[in-house]
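Visitor: predicted model and sequence below, questions to follow.
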Amino acid sequence: MRIFVTGGTGQIGTAVVNALHAKNYRVTTLARSDASAELQKAMGATPIRGSLTEPDGWVTEALDHDAIVHAAATFESNMGEVDHELVASLLKAAQDMPVERKIPFIYTGGCWLYPEAPIIPITERHVLDPLPEFAWMLDSIEELATCPSFLLTVIHPAYVVDGKRGTVANFAKSLKEDGSIRIVEDPETHHPFIHADDIADLYVRAVEHGGDGLLLNATAIKSATAGDVAKLVAERLNLPLQTQVVSLEDIQDQLGNWASGYGRSQRMQADRAKDVLDWSPRYDTIEAIVDACLADLS
């Protein structure tokens, strides 16, 4: 089985490529630069040169695969326009596919497409209320769902963490280097979490399942507060806990308006993924998640 992956050097994409390669699938990745191509080769993938911003040069080759995993976004101010152009190119190229041919297509959404929900955990039946900066995803999903050649599965990840990227690694690095952990807005803000290895396993299962019109939340725990994660990181590193609360305005100035999502308090569950795909996260407590991240800290 040949699988095409966008975002192959991103956090989710890297984990997915590694998981697919471990199961002896042949993985092709989109590489924007020579450096990205070398990283992807080291993971066992076959990179093709191309960019999200110029999809016409590679979408036909992507459609020649047995499945597509879209796990890339630019996180620039024009990321919605870029994704819409990519989807439009895919749909146009897919018109030339044989009617009987169907490709599993895994699209990456996110927990920030859901509203604030600090008490009752979000399920896939929950009403959507995306951050304005990510509202374009709903249009992309709707457009992809109209394509008869795609078997569409949409996955909404929680906060993805590992030893290199994400909340836990950032907290640990900040505490070790600066002596304090920066928390956005409020230490009592709830966030759902999942380790990168566990979400990669879910993506592989989704590819193998090949379901159509399937929506899955991806989280290993319903939630942990930012303050509790910071406390746990400090305890595991045997360092005194010092926190610095950062305003939404400051984090937006640093990263972009999309970063206001860090102030959105949410709990989320993933029972559908467990039921439909027989998926079970290996790291299913915040303690296990933090320990796994710190064991692989770089």
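Guide: Here it is on my side, so go on.
Visitor: just checking, what packs against the longest strand along the chain?
Guide: If each strand of the chain is counted by residues according to DSSP state E, the longest one is strand 150-157. The contact analysis (3 or more C-beta pairs under 8 Å, 6 or more residues apart in numbering; DSSP states H and E) places strand 150-157 against strand 103-108, helix 136-145, helix 196-209, strand 214-218. The way it works is simple: take the backbone N, C-alpha and C, and place the C-beta from them, glycine included.
Visitor: Gly7 is nearest to which of those?
Guide: Of all the helices and strands packed on strand 150-157, it is strand 103-108 that lies closest to Gly7, at 7.7 Å by C-beta to C-beta.
Visitor: for that closest one, list every residue counted as buried.
Guide: Residues of strand 103-108 classed as buried: Ile103, Pro104, Phe105, Ile106, Tyr107, Thr108 (neighbour count, 16 or more other C-beta atoms under 10 Å).
Visitor: got it, and stretch 78-89?
Guide: Met79, Gly80, Val82, Asp83, Glu85, Leu86, Val87, Ser89.
Visitor: could you do stretch 153-161 as well?
Guide: Buried-residue list, stretch 153-161, by 16+ other C-beta under 10 Å: Thr153, Val154, Ile155, His156, Pro157, Ala158, Tyr159, Val160, Val161.
Visitor: for these, work out which two are farthest apart.
Guide: Largest separation among the buried residues of stretch 153-161 by C-beta to C-beta: Thr153 and Val161, giving 22.5 Å.
Visitor: against Leu113, how distant is Gly57?
Guide: Distance, Gly57 to Leu113, by C-beta to C-beta, to the nearest Å: 29 Å.
Visitor: would CSV of the helices and strands packed on strand 150-157 with distance to Asp64 be doable?
Guide: CSV is the format used below for the helices and strands packed on strand 150-157 (distance: least, C-beta to C-beta, whole Å):
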stretch, distance to Asp64
strand 103-108, 10
helix 136-145, 18
helix 196-209, 16
strand 214-218, 23
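Visitor: for Ile199, state which of the buried residues of strand 103-108 is nearest.
Guide: Nearest to Ile199 out of the buried residues of strand 103-108 is Thr108 (C-beta to C-beta; 9.6 Å).
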